[in-house]
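Engineer: Here is the input, now give the coordinates:
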Amino acid sequence: MKITRILKATACAIAVAMPGAALADWQPDGPITLQVGFGAGGSTDTLARAVAAEMEDATGWDVIVENKPGGGGIAMFSQLVGKRPDGRTLGMGVTIPTLINLAERGETLPFKADSFDYLATVVVAPLAVVAPADAPYDTIEELVDYSKENGGALVGFDGGEMRLMMQAINNTEDAGFELVSYQSGAEIIQGLLGGQLQAGWGAGAHIQYVDSGDLKMLAVATQTRQDYSSETTSFIEQGFPYSAEPYFYFAAPKGLEPEAREALAAALDAAITSEALTQLVGNVMQTTPTNLGAEGTEAKLVNGLTEITSLIEAAGN
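Structural biologist: A predicted model of the protein is given here:
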């Protein structure tokens with residue numbers, strides 16, 4: 001719901017007296033366009049529209065969401081890099097698809113990892129490898145042994161980072177995994193429950209099935225354990241030096257005025273940490289919002305390029 005100019009002025013006056021007062025120091029001179037690098041209806045689009053609505057209510061700014069799908073966000077960021085750095089055009093993507101494209105074909109793209117001003121992250125997808133509850137293996141190492149002893153194991157995935165991690169294990173362990181590509185995590189879940197897969201990747205949809213006892217965790221792909229299954233160790237803890245942490249993130253054309261960058265980052269943080277976003281993230285991804293802030297988001301993109309390049313090399317790509 002849009003607020004009136006009077007309410008907008010009141011909100012700004014209140015912001016001056018509170019932490020995050022940068023909201024009162026800079027105002028866009030027109031609507032803000034938030035471009036989403038994925039199609040309508042997906043998790044990225046859902047999160048973007050919720051953040052935009054919270055920003056509008058809190059600041060009085062007009063925030064218009066536009067879908068610019070293509071190449072895992074690459075089409076949108078290829079356009080965003082050429083926009084004016086006036087704070088009126090933002091982009092939302094996911095770190096891992098961006099980094100994989102930069103690592104594999106960066107010389108053909110019109111932007112680099114440091115081509116943007118980064119503002120915030122919303123959440124990190126709780127990536128994990130799961131298996132049917134009655135499977136005779138409980139870890140990645142045991143899955144490798146099972147695959148070797150039984151002439152292979154079918155492992156479902158729906159993201160590039162998932163494929164790369166399993167290919168890397170195939171290369172180092174001669175595991176014999178047969179990787180099966182799916183369009184969604186829901187399809188992977190059905191493949192596991194129906195007995196077509198020996199293991200598969202989940203990015204949140206798997207959690208309810210772990211809770212119900214239909215599936216079990218073999219490993220988390222994040223660098224640290226995840227709250228919903230704190231006893232499940234990571235790939236790294238299990239001796240496989242690979243990780244994947246897909247963060248949903250916001251960026252702007254490089255060159256924002258400091259006041260604009262601070263105000264946008266503060267407005268995004270207020271939206272991301274709101275009760276509405278906490279509930280949405282819990283419902284959609286079975287986890288909680290995580291905002292790394294402007295500096296943390298930049299580090300995740302710039303430093304993450306080295307990490308994903310190492311993973312690509314380990315996978316033999």
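Engineer: Render the CA-only coordinates of the longest helix seen in the chain in CSV, please.
Structural biologist: Looking across the chain with DSSP state H, the single longest helix is helix 293-314. The C-alpha trace of helix 293-314 is given here as CSV (Å, rounded to 0.1, in the frame of the first residue of the first chain):
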residue,chain,number,x,y,z
GLY,A,293,25.2,-6.4,4.2
ALA,A,294,26.9,-4.4,1.4
GLU,A,295,30.5,-5.4,2.2
GLY,A,296,29.6,-9.0,2.9
THR,A,297,27.7,-9.4,-0.3
GLU,A,298,30.5,-7.9,-2.3
ALA,A,299,33.0,-10.3,-0.7
LYS,A,300,30.7,-13.2,-1.4
LEU,A,301,30.7,-12.3,-5.2
VAL,A,302,34.4,-11.3,-5.6
ASN,A,303,35.9,-14.0,-3.4
GLY,A,304,33.4,-16.6,-4.5
LEU,A,305,34.7,-16.5,-8.0
THR,A,306,38.0,-18.1,-6.8
GLU,A,307,36.1,-20.8,-5.0
ILE,A,308,33.8,-21.7,-7.9
THR,A,309,36.7,-21.7,-10.3
SER,A,310,38.5,-24.2,-8.1
LEU,A,311,35.3,-26.3,-8.0
ILE,A,312,35.0,-26.2,-11.8
GLU,A,313,38.6,-27.4,-12.2
ALA,A,314,38.0,-30.2,-9.7
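Engineer: quick check: mean pLDDT across it?
Structural biologist: Over the span of helix 293-314, the pLDDT mean works out to 94.
Engineer: List the buried residues in it.
Structural biologist: 294, 297-298, 300-301, 304-305, 307-309, 311-312, 314 (16 or more other CB atoms under 10 Å). Every residue, glycine included, has its C-beta placed from N, CA and C.
Engineer: Equivalent analysis for stretch 252-260, please.
Structural biologist: For stretch 252-260, by 16+ other CB under 10 Å, it's Ala252, Pro253, Leu256, Ala260.
Engineer: Need the nearest residue in space to the last one, chain neighbours excluded.
Structural biologist: In space, Ala260 comes closest to Gly87 once its chain neighbours are excluded; the distance is 3.9 Å by CB to CB, 6 or more residues apart in numbering.
Engineer: tell me which element the one you found is part of?
Structural biologist: Element membership for Gly87, per DSSP states H and E: none, as it lies in no helix or strand.
Engineer: Same question for the one 10 residues further on.
Structural biologist: Element membership for Pro97 (DSSP H and E) is helix 95-105.
Engineer: Can you name every helix or strand that that helix contacts?
Structural biologist: helix 74-80, helix 160-173, helix 293-314 (3 or more CB pairs under 8 Å, 6 or more residues apart in numbering; DSSP states H and E).
Engineer: any chance of the ones you listed in TSV, plus distance to Val65?
Structural biologist: Converted to TSV, the helices and strands packed on helix 95-105 look like this (distance: least, CB to CB, whole Å):
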stretch	distance to Val65
helix 74-80	12
helix 160-173	25
helix 293-314	19
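Engineer: Among those helices, which comes closest to Val281?
Structural biologist: Among the helices and strands packed on helix 95-105, helix 293-314 comes nearest to Val281, with 16.7 Å by CB to CB.
Engineer: ok, residues contacting the closest one?
Structural biologist: Here helix 293-314 makes contact (CB atoms under 8 Å, 6 or more residues apart in numbering) with 95-96, 98-100, 102-104, 113-114, 116-121, 161, 164-165, 168, 171-172, 242-245, 247, 249-251, 261, 265, 269, 292.
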